[in-house]
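> after the sequence you'll find the predicted model.
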Amino acid sequence: MENLLHNLKTLLQKDERLISEGELLKNKIIELVLKLDKELIKLLLSDKKMKQIFFTDIDKTLIFDKDKFIRFVSNKQFLPDSYTAFKNKIGLTAEDEYLSEKKEVVLSWPYKDCVLEGGMTKEDQKRDEIFWNEILAPDEISRLLDHKVFTNAKRIDKKGEHKLDKFKTDENGNIKDNLIIKGNNLLALHSLKKRFAGKVKLIYIDPPYNKKGDTFYNDAFKRSSWLTFMKNRLDIAKQLLSDEGIIFAQIDATQLGYLQVLLDDVFDEKRQAIISIKVKSPSGDSSKVEKLVEDVSEYILVYSKQDSFKSLNPLTIKEIVDEESKTASQYNSILISKGRITTKAFDFYVGSEKNKTKIEVFNVEGFEIKRVPRRELSKDFFVKNYEKVCRTAKFSGKFLEQFRNRKGTYFFKYTPSRGKNAGIETETYVFNGEGLIYLKDFSEIIELDDGSKAVAKIETATSFITDIPWQGIAKEGGVTLTKGKKPEELLKRIIEWTTREGEIVMDYHLGTGTTCAVAHKMGRQYIGIEQLDYGENSAVVRLKNVINSDQSGVSKSIGWKGGGDFVYLELMKWNENFVEKIRKAKTKEELENLWETMKKKAFLSYKVDIKTVDENAKDFANLSIEDQKRFLLECLYKNHLYVNYSEVDDEEYGVSDEEKKLNKEFYANK
């Protein structure tokens, strides 16, 4: 056995992919085996002994027994580092089995039926993030997803923070408060199910992108872990959406394809759009571009619970109309007089032979339009003459071909199928064979940041967004984030497309609070969840600024004047307190003291024998500080990270009478 182990190690060391800092990577070996990696299989076949043990000859065809190979390399004696040796010595194991042997797996996704508890490490150096994660197999999960106790509840408005005595509810008992929840988003989502299942209209998420170089997950199955993390949360998010609900998930190209397949599965392929967004401009220095093309895009995958979703506001601003705009060169005339309608000129018909519509056309006398010099086409000109600015255009198609060679002016009414007046009967003039088109039918008057007014050209929203600026947004909302922040204008557009005032908007990767800030300004109810500590740049700070009339972002364009309130809640921690202290510890002495506290107050895993651990304290002391942290984290019972609502009356947890009352109100049967 020992010779076989030695020979296998020697053989595998020939593959550079399997080595890091001179050591073989057990998880990487198993990952490649699950993928049936050709190079690894060729390497095993090159050794006569390995070929004999791990391959079966069936009718002169060699079949690789990957399960047997995984069992072999998962053996405790294979690659036992100091940490593994310590665990083996004290008996902290999982029945001598590798996770993929215990559960059904698929080639591309070994952990699909498991739960990834935890979150991300830092993506921006200015964040203070303490995070960890662990994959839990289904038979290890008992209390993890139960409703949690809320603590530190307060209502925040213009006058400051106030202790929360009760939630605002409507006549049906539905909570109408805006909620900001601090804590693990997976557990928070499950805690919200009691009150909000089937009631959320829009979910927008900007999840971790899992890009190359991130330390988002610490195991070898990086993409599998990320997919597990995403699926756990998407499954419960779908339950929170109303039947008319819709979800927008923003991502870059790194995991775009994998997230699309996952969302196809979770939402039964009810995909409504894949939106491409230009998020930056090219650098301009082609010598620095190391790819085929420079990546300037991100994407939003859009799914709904129903087969189709009709936009509530399908128009977007394309251009501010002034003397420099392209629109000014087209709409360069004004209507002086419509004249007067006189006699009928002729009739024509639209539609198929079986379903024709007659349109009556009349002669017009005294009609007059005037061409305006380019120098006069200022921003103020278009605002002042908004009702009269027009252009003429040649007709195409059979619809109006009868006008092409007719001089004079004609009038008729018809119902356009697109544009601002789509579906509305509209008066139309034809001048010397060309149609008269008003700028007002494709634009709106808006207020600019400087308080002035302008005419904005609008068009139907598309799946390609290039007109939202991403530069200069770092300080929107009075909070600063240099990477990953999304423009308020983007969220405004999404909220306009999908929701009406009072409907619920949710973001469970809230970050610095862009989604909830815009929802607050637009009169939507919102729920935001965040676990990271952003300090002075948190969503809470941002929403306080919003309440106090913050004028950045979309505030001026929608006339935001401040006001409103929101409720802040935290999930009550238990073992999670120890997780945070372990991750923050700087010395081995701190960890030693933590272990003493954990023995008295923490809920430890059933695999932990405290006496045996203490008997091997010397071996523990010899581990690196990172391995000591790993061990202490493994000792914690993962189903008891936060306090469950079922234990709200247990004195051990110290839930106050006020908190008991509030939690019972939140989880009460309506």
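Looks like it arrived, so ask away. Numbers count the residues shown, from 1 in each chain.

> start and end of stretch 470-477, how far apart?
Start-to-end span of stretch 470-477 (Cα to Cα, to the nearest Å) is 14 Å.

> now that stretch: buried residues?
Using 16 or more other Cβ atoms under 10 Å as the test for burial, stretch 470-477 gives 470, 473, 476-477. All C-beta atoms are positioned from the backbone trio N, CA, C, and that covers glycine.

> swap in stretch 331-347?
Under 16+ other Cβ under 10 Å, the buried positions of stretch 331-347 are 331-335, 338, 341, 345.

> for the stretch 151-300 of the chain, which segments are assigned as strands?
160-163, 179-182, 200-205, 241-251, 271-278, 297-304 (DSSP state E, counting those that start in this stretch).

> what are the pairing partners of the second one, and which direction each?
Taking DSSP bridges as the criterion, strand 179-182 forms sheet pairs with strand 525-530 (parallel), strand 566-571 (parallel).

> measure the spatially most central residue of the chain to residue 194 for me?
By Cα atoms, centre = their mean, the mean C-alpha position of the chain lies nearest to residue 205, the distance being 2.1 Å. Distance of residue 205 to residue 194, given as Cβ to Cβ, to the nearest Å: 21 Å.

> can you add distance to residue 660 and give the strands of the stretch 151-300 of the chain back as TSV?
Below are the strands of the stretch 151-300 of the chain laid out as TSV (distance: least, Cβ to Cβ, whole Å):
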stretch	distance to residue 660
strand 160-163	14
strand 179-182	18
strand 200-205	27
strand 241-251	31
strand 271-278	43
strand 297-304	39
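
> any chance of these in JSON lines, plus mean pLDDT?
Below are the strands of the stretch 151-300 of the chain laid out as JSON lines (pLDDT from 0 to 100):
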{"stretch": "strand 160-163", "mean pLDDT": "95"}
{"stretch": "strand 179-182", "mean pLDDT": "97"}
{"stretch": "strand 200-205", "mean pLDDT": "98"}
{"stretch": "strand 241-251", "mean pLDDT": "97"}
{"stretch": "strand 271-278", "mean pLDDT": "96"}
{"stretch": "strand 297-304", "mean pLDDT": "97"}
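
> which among these is found nearest to residue 613?
Closest to residue 613 of the strands of the stretch 151-300 of the chain, according to Cβ to Cβ: strand 179-182, at 32.5 Å.

> output that closest one as PDB, nothing but the C-alphas.
C-alpha atoms of strand 179-182 as PDB (Å, rounded to 0.1, in the frame of the first residue of the first chain):
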ATOM      1  CA  LEU A 179     -36.400  47.000   5.400                       C
ATOM      2  CA  ILE A 180     -32.600  46.900   5.600                       C
ATOM      3  CA  ILE A 181     -31.300  43.700   7.100                       C
ATOM      4  CA  LYS A 182     -27.800  43.000   8.200                       C
END
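
> quick one: least confident helix or strand in the protein?
Sorting the helices and strands of the chain by mean pLDDT, DSSP states H and E puts helix 99-102 at the bottom, at a mean of 34.

> how many neighbours does the closest residue to residue 608 other than its chain neighbours have?
Excluding its sequence neighbours, the residue lying closest to residue 608 (Cβ to Cβ, 6 or more residues apart in numbering) is residue 635, at 4.9 Å. Around residue 635 sit 22 other residues, with neighbours defined as other Cβ atoms under 10 Å.

> who touches residue 635 in this structure?
Counting by Cβ atoms under 8 Å, 6 or more residues apart in numbering, residue 635 touches 92, 598, 602, 604-605, 608, 613.

> ok, which pair from these is furthest apart?
Greatest spacing in the contacts of residue 635, by Cβ to Cβ: 92 and 602 (15.1 Å).

> neighbour-wise, which of those two wins?
More neighbours surround residue 602 than the other of residue 92 and residue 602, with 21 against 17 (other Cβ under 10 Å).

> surely the more buried one and residue 579 touch.
No - between residue 602 and residue 579 there is no contact under Cβ atoms under 8 Å: 9.8 Å.

> overlap in contacts of these two?
Counting by Cβ under 8 Å, 6+ apart, the residues touching both residue 602 and residue 579 are residue 636.

> closest to residue 434 among the buried residues of stretch 470-477?
For the buried residues of stretch 470-477, the residue nearest residue 434 by Cβ to Cβ is residue 470; the value is 40.3 Å.

> grab the nearest non-local neighbour of that closest one.
residue 279 (5.0 Å).

> buried residues in stretch 158-165?
Buried, per 16+ other Cβ under 10 Å, within stretch 158-165: residue 164.

> contact partners of stretch 143-151?
115, 117, 136, 181, 183, 186-188, 190-191, 193-194, 569-572, 638-648, 653, 655, 659, 662-663, 666-667.

> partner strands of the helix or strand where residue 411 lies, with direction?
Assigned by DSSP states H and E, residue 411 belongs to strand 409-414. Next to strand 409-414 in the sheet, as set by DSSP bridges, lie strand 356-365 (antiparallel), strand 426-431 (antiparallel).

> after the longest one, heading C-terminal, what element do we hit next?
What that stands for is strand 356-365. strand 368-371.

> what do you get for the last one?
Moving toward the C-terminus from strand 426-431, the first helix or strand encountered (DSSP H and E) is strand 434-438.

> sheet partners, orientation included, of that next one?
Here, using DSSP bridges, strand 434-438 pairs with strand 389-394 (antiparallel), strand 426-431 (antiparallel).

> tell me which of those strands is the most buried.
Stretch with highest mean neighbour count among these: strand 426-431 (a mean of 18; mean count of other Cβ atoms under 10 Å).

> outside of that strand, which residues touch it?
Contacts for strand 426-431 (Cβ under 8 Å, 6+ apart): 338, 361, 364, 367, 369, 392, 400, 403, 406, 409-416, 435-436, 441.

> again, only using 10 Å
Here strand 426-431 makes contact (Cβ atoms under 10 Å, 6 or more residues apart in numbering) with 333, 335, 338-339, 341, 345, 359, 361, 364, 367-369, 390, 392, 395, 400, 402-404, 406-416, 419-420, 435-438, 441.

> then stretch 648-664?
So stretch 648-664 is in contact with 147-153, 163-167, 191, 567, 569, 572, 574, 601, 643-645, 647, 667, going by Cβ under 10 Å, 6+ apart.

> the same query, at a cut-off of 6 Å, please.
Applying Cβ atoms under 6 Å, 6 or more residues apart in numbering, the contact partners of stretch 648-664 are 149-151, 153, 643.

> restricting to C-alpha, output that stretch in PDB.
Only the C-alpha atoms of stretch 648-664 are listed here, as PDB (Å, rounded to 0.1, in the frame of the first residue of the first chain):
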ATOM      1  CA  VAL A 648     -36.800  33.200  21.000                       C
ATOM      2  CA  ASP A 649     -38.000  32.400  24.500                       C
ATOM      3  CA  ASP A 650     -34.900  30.500  25.600                       C
ATOM      4  CA  GLU A 651     -33.200  32.600  28.300                       C
ATOM      5  CA  GLU A 652     -29.800  31.400  27.200                       C
ATOM      6  CA  TYR A 653     -29.900  33.700  24.100                       C
ATOM      7  CA  GLY A 654     -30.800  36.800  26.000                       C
ATOM      8  CA  VAL A 655     -33.500  38.000  23.700                       C
ATOM      9  CA  SER A 656     -35.100  41.000  25.300                       C
ATOM     10  CA  ASP A 657     -38.900  41.300  25.900                       C
ATOM     11  CA  GLU A 658     -39.100  44.100  23.300                       C
ATOM     12  CA  GLU A 659     -37.300  41.900  20.800                       C
ATOM     13  CA  LYS A 660     -39.500  38.900  21.600                       C
ATOM     14  CA  LYS A 661     -42.600  41.100  20.900                       C
ATOM     15  CA  LEU A 662     -41.300  42.400  17.600                       C
ATOM     16  CA  ASN A 663     -40.200  39.000  16.400                       C
ATOM     17  CA  LYS A 664     -43.500  37.400  17.300                       C
END
